[in-house]
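*Asks:* Here is a sequence together with a model predicted from it:
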Amino acid sequence: MSLSDDLYRETILDHYHHPRNHGAIEHPTAQVEGVNPLCGDELTLYLNVKDNKIEDVKLTAKGCSINTASGSMMSELLLGKSIEEANEIVDLFKRMMLDKNEEVELPDELEDLEALRGVKKYPVRIKCALLPWNTMLEGLGNTLKSPTT
Amino acid sequence: MSLSDDLYRETILDHYHHPRNHGAIEHPTAQVEGVNPLCGDELTLYLNVKDNKIEDVKLTAKGCSINTASGSMMSELLLGKSIEEANEIVDLFKRMMLDKNEEVELPDELEDLEALRGVKKYPVRIKCALLPWNTMLEGLGNTLKSPTT
Amino acid sequence: MTKLNVEQIRKDFPILKRQVEGKQLVYLDNAATSQKPKVVIDALTEYYEGYNANIHRGIHTLAEEATDAYESVRETVRAFIDAEHTHEIIFTSGTTEAINLVANSWGNANILPGDEIVLTAMEHHSNLIPWQRLATERSAKLVFIPITEDGQLDMAEAKKLITDKTKIVAVTQMSNVFGTINPVKELAQLAHARGAVILVDGAQGVPHVKTSVRDLDVDFLAFSMHKMLGPTGVGILYGKTELLNAMPPFQSGGHMITTVSREKASWAELPWKFEAGTRNIADVIASGKAIEYLSALGMENVREHEIEITKYALEKLSELGDITIFGPKDATLRGGVIAFNVDAIHAHDIGQICADAAIAVRAGHHCCQPLMRDLNVMGTARASFYIYNTKEEVDLLFEALKEADKVLGHVAVR
Amino acid sequence: MTKLNVEQIRKDFPILKRQVEGKQLVYLDNAATSQKPKVVIDALTEYYEGYNANIHRGIHTLAEEATDAYESVRETVRAFIDAEHTHEIIFTSGTTEAINLVANSWGNANILPGDEIVLTAMEHHSNLIPWQRLATERSAKLVFIPITEDGQLDMAEAKKLITDKTKIVAVTQMSNVFGTINPVKELAQLAHARGAVILVDGAQGVPHVKTSVRDLDVDFLAFSMHKMLGPTGVGILYGKTELLNAMPPFQSGGHMITTVSREKASWAELPWKFEAGTRNIADVIASGKAIEYLSALGMENVREHEIEITKYALEKLSELGDITIFGPKDATLRGGVIAFNVDAIHAHDIGQICADAAIAVRAGHHCCQPLMRDLNVMGTARASFYIYNTKEEVDLLFEALKEADKVLGHVAVR
Ligand SMILES: Cc1ncc(COP(=O)(O)O)c(C=O)c1O
Ligand SMILES: Cc1ncc(COP(=O)(O)O)c(C=O)c1O
């Protein structure tokens, strides 16, 4: 199956052309830069976490379609989640992308992410898909360390 | 044709088992060490040159059959020759051994040396055959430089 | 049509029959590595099935045969680059090792604090980082010849930057991004006039342009066989005899010595001084076949074909309104390497859409990060041609880029 | 008979059908380089005809396939030598480069004036000269563990010589002259007890003896694929993660960096930090097949076969009254390498007479000049065995040596 039908299928293209939660937060509780040195992709993640809940999330990304779409989907899914829930979702997504035996299944509420499974055929690009999520992990960690600021 | 019939044929084996002019000269007009660093072969050449004539030549060698036989033949052929004649013979022999097109022919008086032509099939060993001769060239040069000592 | 019979040539390259998910492979990644003709592949099999043995000093028949075959390639290479002596040809594992050898061996013996090493703004990391490390270690200074708008060396600046402080000029013969063919002969004159030496990174140049080290009068030339029809794992370092003789060995081990005691060793003559340990015998022998293949085609004809296909590609791709093509506009000034971006589409996405159409192009910084920064891009896509590429393949690339533009283009830059 | 089906194995090696001037080839030069089974040779053809491409960063299909195949060999090697992490496996061009890498990168970072580098009296030039040069540059001292009468390490002396001054012990796993298998595990303990590291030259050991870096607890292990059924041009350096992480790169160029500016570069993670430039992709992939072949045979079975043939050869050759055989008398203490001299016959002459019988043996100093001097010989002849050698071949060697003795023996030493 070619990427034009698969990797770039509707969901990804939709998120790529219309990235959700694009932009910056003026006074975030956490702000993290992510870089993929191999391809130069860069990304800034802004988080507003209050009372253990992700109240706002925004992203500015300079990267490929996979990177942009992946970040957009992530922001949509994690907005409003508790830190624990968010960590679980990140964990599940990372396992899906890295697991070689295709054993990780996603619950219905995360079904959008299925669109990224096709990326696994292209090892070079798995990193592109993971960059926003790894950056998020760092952001959640920072937030946890200083939960009230 | 195998070496047992060819390279080591009679002439060579004869010179190897009974090297001519083996030994040292007590007060030589020239004494030169030759080494083939690749295989460790060593050789000492003693010359007695008077009035432009090789009056005596002796060799002690620590080397393979080719090296020993080649040195022995050389000593036999050059004994009694003038320096010019000796140089010519050395030159001819070296050309025979190094020429790829088999164009160099030897005069009858040097026919013993034909036995060494077979060595050319074994490039690694050409150096063994040449060592005594190159050492001789050096010896003749030294002698020339100080003809009366 | 050019003098190369491309249809015939294609038959010599088994991989060109390859299908990728049902589509015919279009291989346009030749600047990364070229494909190999059957004669080269067969030379490996013939060696391993017929006369595989370790070389030098072996007395048995296989060792004699292998040594002969290996050493005769040195003469093949000498003739190909028109060097004076066979012993000026050193076999390395690649261009990268060849340059590291010089930076290390020549560099440590010749570079003093305050000395200047002149590079260009378009160097590949392989001809940059070894000099950075040398400069740092020896408190020397790196100087960069800048480039003009269309990716050529600014020779007016070069004349100012090459001075009495310059000890070496290290420059690429052909840019692996712009395709620019640099005026190496002129740079050699500038360097020599100031008492400096010149090293030429021929990784992209030698495979595509007839190269005479004597005509160019360069001191060192480094190139890789895998980019010119040869197997992976073989590079060549050419160096002038006097320079090589004065240099200490780079790596040390078996076969590069004459005598060794416990405490010290003396070095073998050229070229063996620089060839420590068991060499890549099979691949050197197969490299000889690659050079013979190119010589039989004639490097002038190779060049003519590449100019023609590059000219065609430059024109064709320009029909895409949204494309940025880097490097000289004139195909006769450049080799068959075209780096480009389409709209604001990420190079990886272009690469991927091409890959879906079974077209192999490269995407990224092409080991030229400083140049990417100068150009203010994160990376580019790159198509690069060789003797077996056709205009039809350029058309297929064009179609894929149109598709990419349709699917992913016209995005506000974020 | 041993568990190796030698008749079957011989069919896998096309070269063993080779005739030399009408006689069947007898290949007994395996310590110099081994022959290659068809699966290894075919892997090269499959690569070049099917998916040849430059690796890493390529997005197109061939590049993905080549990268996958190349990187998966790292895991094959890791499992073979029982390393903990895949990133501890570095591909080099040979044992020689692997040792040069450590002597250069680790050495320059760790050796100070007055430090001691402990070697043995039986080291190959490749595990001697790099340390000589390091010692000279950094005013360190080389210390040599002596050997006993029958070619074993004098471990009582080793205990005295490895001291708090010792920074590294660099020792061969198996002597390429004596065949001695050294007590590497014990040496590692001695080194570690003094805070030193240990490098093992596994060029002869790894191809013949099951080797676990974790069981031996060595810090570095270097070996060459061409001596273990693999192609020429590939070596392996294993190093412990902490050590490799702390070391600067050896060579530099493409693919071993993360970010590069004009003035400086930062290094990629392990293992890529040590793999500059285009790698020997095809040969690394084929090396994977060689290891798989050996693993399928079982290294215990390989060893058992070699003990049996070595035992037979030691006995048989001793029947020649005039022979001097170097190294341990007991075949279980040694690998299948037998260095010997017959009467006062020059080793080259022995080699030549064997060659006339289509028997490939080596003659000379075997890149061990200091050891030759200790043994007070100019060189030796050497027969060395591998999985495809038979007792009948030993018998043929015996006949050739009898012939040599007849034709050339019994000469008063001059
Ligand atoms: C003990 C030993 N160490 C090192 C080497 C060097 O290996 P290579 O020539 O493959 O680099 C050899 C091979 O000749 C050897 O026998
Ligand atoms: C201009 C240039 N220099 C050097 C190199 C390095 O060559 P290799 O990777 O074969 O060592 C390359 C190849 O990528 C190149 O394009």
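*Replies:* On my side now, so go ahead. Ligands and ions are numbered 1, 2, ... in the order given.
*Asks:* alpha carbons only for contacts and neighbour counts from here, please
*Replies:* OK.
*Asks:* tell me which element the nearest residue to A:Gln31 once chain neighbours are set aside is part of?
*Replies:* For A:Gln31, ignoring the flanking residues on the chain, the nearest one in space by C-alpha to C-alpha, 6 or more residues apart in numbering or on different chains is A:Tyr46 at 4.6 Å. Element membership for A:Tyr46, per DSSP states H and E: strand A:41-50.
*Asks:* now do A:Glu55
*Replies:* Under the assignment here (DSSP H and E), A:Glu55 is part of strand A:53-62.
*Asks:* The longest helix belonging to chain A near chain D anywhere?
*Replies:* Across chain A, the longest stretch assigned as helix under DSSP state H is helix A:123-145. Yes: contact of helix A:123-145 with chain D (C-alpha under 8 Å from any C-alpha of the partner chain) involves A:123-124.
*Asks:* Identify the residues contacting that helix?
*Replies:* A:29-36, A:41, A:43, A:45, A:47, A:49, A:64, A:66-67, A:70-71, A:74, A:83, A:87, A:90, A:94, A:97, A:116, A:119-120, D:56-59, D:64 (C-alpha atoms under 8 Å, 6 or more residues apart in numbering or on different chains).
*Asks:* coming back round to it: isn't the residue nearest to A:Gln31 up against A:Ala24?
*Replies:* Yes: the pair A:Tyr46 / A:Ala24 is scored as a contact, 6.3 Å apart, by C-alpha atoms under 8 Å.
*Asks:* Can you name the residues that contact the residue in chain C positioned nearest to chain B?
*Replies:* Nearest residue of chain C to chain B, counting by C-alpha to the nearest C-alpha: C:Thr258, 5.6 Å away. By C-alpha under 8 Å, 6+ apart, the contact set of C:Thr258 is B:37-38, C:265-268.
*Asks:* redo that, cut-off 6 Å
*Replies:* C:Thr258 makes contact with B:37, C:266-268, according to C-alpha atoms under 6 Å, 6 or more residues apart in numbering or on different chains.
*Asks:* Doesn't it belong to a strand?
*Replies:* Yes: according to DSSP: H, G, I helix; E, B strand; the rest coil, C:Thr258 belongs to a strand.
*Asks:* Show the low-confidence segments of chain A, by residue range.
*Replies:* For chain A, the stretches flagged by pLDDT under 70 are A:1-8, A:38, A:143-149.
*Asks:* 80 instead?
*Replies:* Within chain A, the ranges that satisfy pLDDT under 80 run A:1-9, A:37-40, A:102, A:121-124, A:142-149.
*Asks:* Just want the residue of it that's nearest chain D.
*Replies:* Nearest residue of chain A to chain D (C-alpha to the nearest C-alpha) works out as A:Pro37 at 5.6 Å.
*Asks:* Apart from its chain neighbours, what residue comes closest to that residue?
*Replies:* Nearest non-adjacent residue to A:Pro37, counting by C-alpha to C-alpha, 6+ apart: D:Thr258, 5.6 Å away.
*Asks:* And C:Leu371, by the same measure?
*Replies:* Per C-alpha to C-alpha, 6+ apart, closest to C:Leu371 is C:Met122, 5.7 Å.
*Asks:* How many neighbouring residues does that neighbour have?
*Replies:* Neighbours of C:Met122 under the rule other C-alpha atoms under 10 Å in any protein chain shown: 29.
*Asks:* swap in C:Leu62?
*Replies:* Neighbour tally, C:Leu62, other C-alpha under 10 Å: 25.
*Asks:* how close does the residue nearest to it when sequence neighbours are not counted sit to ligand 1?
*Replies:* Of all residues not flanking C:Leu62 in the chain, C:Tyr51 sits nearest, at 4.9 Å (C-alpha to C-alpha, 6+ apart). For C:Tyr51, the distance to ligand 1 equals 18 Å [C-alpha to the nearest ligand atom, to the nearest Å].
*Asks:* Near C:Tyr51, how many other residues are there?
*Replies:* By other C-alpha under 10 Å, 21 other residues sit near C:Tyr51.
*Asks:* the inter-axis angle of the next helix or strand after the strand holding A:Glu55 versus helix A:123-145?
*Replies:* Per DSSP H and E, the first helix or strand lying C-terminal to strand A:53-62 is helix A:65-78. Interaxial angle, helix A:65-78 versus helix A:123-145 (axes from the mean of the first three to the mean of the last three C-alpha atoms, to 10 degrees): 30 degrees.
*Asks:* Run through the neighbouring helices and strands of helix A:65-78.
*Replies:* Judged by 3 or more C-alpha pairs under 6 Å, 6 or more residues apart in numbering or on different chains; DSSP states H and E, helix A:65-78 is in contact with helix A:10-17, helix A:123-145.
*Asks:* Can you give me the buried ones in that helix?
*Replies:* A:65-75, A:77-78 (16 or more other C-alpha atoms under 10 Å in any protein chain shown).
*Asks:* Get me the contact residues on the stretch 201-350 of chain C for ligand 1.
*Replies:* Residues of the stretch 201-350 of chain C lying close to ligand 1 (C-alpha under 6 Å from any ligand atom) are C:277-278.
*Asks:* Quick check: the residue of the stretch 201-350 of chain C nearest chain A.
*Replies:* As assessed by C-alpha to the nearest C-alpha, chain A sits closest to C:His346 within the stretch 201-350 of chain C, at 4.9 Å.
*Asks:* Once you drop chain neighbours, what's closest to that residue?
*Replies:* A:Cys64 (4.9 Å).
*Asks:* now swap in C:Gln152 and tell me
*Replies:* The spatial neighbour of C:Gln152 that comes closest, neighbours along the chain excluded (C-alpha to C-alpha, 6+ apart), is C:Thr180 at 6.2 Å.
*Asks:* can you give me the helices in the stretch 301-414 of chain C?
*Replies:* Using DSSP state H, counting those that start in this stretch, the helices found in the stretch 301-414 of chain C span residues C:347-356, C:369-375, C:391-408.
*Asks:* got the angle for the longest one vs helix A:65-78?
*Replies:* Right, helix C:391-408. Going by the same axes, to 10 degrees, helix C:391-408 makes 20 degrees with helix A:65-78.
*Asks:* What parts of chain C come near chain D?
*Replies:* Residues of chain C lying close to chain D (C-alpha under 6 Å from any C-alpha of the partner chain) are C:14-15, C:32-33, C:49-50, C:54, C:60, C:96, C:125-126, C:129-130, C:232-233, C:252-254, C:260-262, C:277, C:280, C:355, C:360, C:367, C:369-370.
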